[in-house]
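[1] sequence-free structure coming up:
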């Protein structure tokens, strides 16, 4: 399965960034209501393991909070590669907003 990676820098420190992102999956679910579903995830320290589907496409991966950046890694089915830019762009925009 093809993968993707998004990096968003921040100057909040690891703990403050986590506090801002603790509701990240809920924010994504509300922002894209009707476009995503089956949202699931859980924190393990500073790593959020997540899964969701959009238009029937299953996406999963992990979001890792580092001291000066957030790294979101994921897997996307080959059949969804034509939507990769739209998916990653939307998630990156939401991360940047949450960390601003």
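    Thanks, I have the structure now. None of these values were measured; they are calculated from a predicted model.
[2] return the residues in contact with the residue lying closest to residue 74 once chain neighbours are set aside.
    Here the nearest residue to residue 74 in space, its sequence neighbours aside, is residue 61; by C-beta to C-beta, 6 or more residues apart in numbering that works out to 2.9 Å. C-beta here means a position set from N, CA and C on the backbone, and glycine is covered the same way. The contact partners of residue 61, taken as C-beta atoms under 8 Å, 6 or more residues apart in numbering, are 3, 49-50, 72-75.
[3] I'd assumed residue 61 was in a strand, is it?
    Yes - according to DSSP: H, G, I helix; E, B strand; the rest coil, residue 61 belongs to a strand.
[4] helices along the chain, start to end?
    Using DSSP state H, the helices of the chain run over 14-21, 24-31, 84-99.
[5] any chance of these in JSON lines, plus mean pLDDT, distance to residue 57 and mean neighbour count?
    As requested, those are exported to JSON lines (pLDDT from 0 to 100; distance: least, C-beta to C-beta, whole Å; neighbours: other C-beta atoms under 10 Å):
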{"stretch": "helix 14-21", "mean pLDDT": "94", "distance to residue 57": "23", "mean neighbour count": "16"}
{"stretch": "helix 24-31", "mean pLDDT": "81", "distance to residue 57": "15", "mean neighbour count": "16"}
{"stretch": "helix 84-99", "mean pLDDT": "88", "distance to residue 57": "8", "mean neighbour count": "16"}
